[in-house]
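> Sequence and predicted structure, then a few things I'm wondering about:
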Amino acid sequence: MPEAAKQDVATQTAARHAIDQDGVKAAVRLFLASIGDDPDRPGLKETPDRVARACEEIFGGLSKDPQEALAKRFDVDTDDMVLVRDIHFYSMCEHHLLPFFGVAHIGYIPQKGKVVGLSKLARLVEVYARRPQIQEQLTEQIADALVKYAGARGVIIVLEAQHMCMTMRGVQKTEAKTVTSAIRGMMRNPATRSEAMRLILDSKA
């Protein structure tokens, strides 16, 4: 795709998912009134504005293209596994609109002679995490993007997270962690998968 066409697509995507600031403010005022509080009392008067501004950051991934995060690759003569551990992320559960947060571990076997910049892996996590999301889907999306946009021949993704919908409501289990994984391509080989898991688990030692 020509560069100009890529920019047009990115612009259209951003416009389609632009935060409606006025809409968010009105919704927050209605929400505050609906839970029985007074949106005009001093402590809440500016809350709708604050929430609208915060949404730009919290849900910024809706306007980002994951392909752009992986567009830059480097010529490196290797086809061995690359693994980055403990990429911290924050996301928002789409079921209760409460946060979940934790770390992502990403291992991949690059396309021959091409590797992704390490910071780009963190950016990829951010693109998907900063959307209304569930952890299971987030894990799958990161794995699929590395295969589709970076040509990875093998991928293993492990996410560990705490969910506020489990800790501050419902079962209220404050120490519970959810672990999800996704495996693609050559990482399905038992020996390769075992090596990746050993490297990930070494961070817990």
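Okay, I see it.

> Name the residue closest to the centre of the chain, please.
Ala129 (2.1 Å; C-alpha atoms, centre = their mean).

> low-scoring stretches of this protein, by residue?
Within the chain, the segments meeting pLDDT under 70 span 1-17, 203-205.

> mind listing the helices for it?
Along the chain, counting by DSSP state H, helices occupy 3-16, 21-34, 47-58, 66-69, 118-129, 135-150, 164-167, 190-201.

> what's the angle between the fifth one and helix 135-150?
I take that to be helix 118-129. Put simply, helix 118-129 runs at 130 degrees to helix 135-150, going by axes from the mean of the first three to the mean of the last three C-alpha atoms, to 10 degrees.

> Just give me how far helix 118-129 sits from the chain centre.
Relative to the centre of its chain, helix 118-129 is centred 7 Å away, using C-alpha atoms, centre = their mean, to the nearest Å.

> So which elements touch that helix?
If you count contacts as 3 or more C-beta pairs under 8 Å, 6 or more residues apart in numbering; DSSP states H and E, helix 118-129 packs onto helix 66-69, strand 82-93, strand 99-109, helix 135-150. C-beta here means a position set from N, CA and C on the backbone, and glycine is covered the same way.

> Out of those, the one nearest Arg193 is which?
strand 99-109 (9.2 Å; C-beta to C-beta).

> Okay, now the sheet partners of that closest one, with direction.
Using DSSP bridges, strand 99-109 pairs in its sheet with strand 82-93 (antiparallel), strand 154-163 (antiparallel).

> Reformat those as CSV; add mean neighbour count and distance to Ala33.
Shown next, in CSV, are the strands paired with strand 99-109 (neighbours: other C-beta atoms under 10 Å; distance: least, C-beta to C-beta, whole Å):
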stretch, mean neighbour count, distance to Ala33
strand 82-93, 17, 22
strand 154-163, 22, 28
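
> Beta-bridge partners for the nearest residue to Arg188 once chain neighbours are set aside, please?
Distance criterion C-beta to C-beta, 6 or more residues apart in numbering; nearest residue to Arg188, sequence neighbours excluded, is Gly154 at 7.5 Å. Beta-bridge partners for Gly154, by DSSP bridges, are Ile109, Gly185.

> how close does Gly154 sit to Arg73?
Distance, Gly154 to Arg73, using C-beta to C-beta, to the nearest Å: 16 Å.

> Am I right that the residue nearest to the centre of the chain is in contact with Tyr90?
Yes - contact criterion C-beta atoms under 8 Å: Ala129 and Tyr90 qualify, at 6.6 Å.

> residues in contact with the nearest residue to Gly107 once chain neighbours are set aside?
Counting by C-beta to C-beta, 6+ apart, Gly107 lies nearest to Leu83, which is 3.9 Å off, once chain neighbours are set aside. Residues near Leu83 by C-beta atoms under 8 Å, 6 or more residues apart in numbering: His105, Ile106, Gly107, Tyr108, Ala196, Leu199, Ile200.

> Could you count how many residues lie near the first one?
So that's His105. A count of nearby residues for His105, using other C-beta atoms under 10 Å, gives 21.
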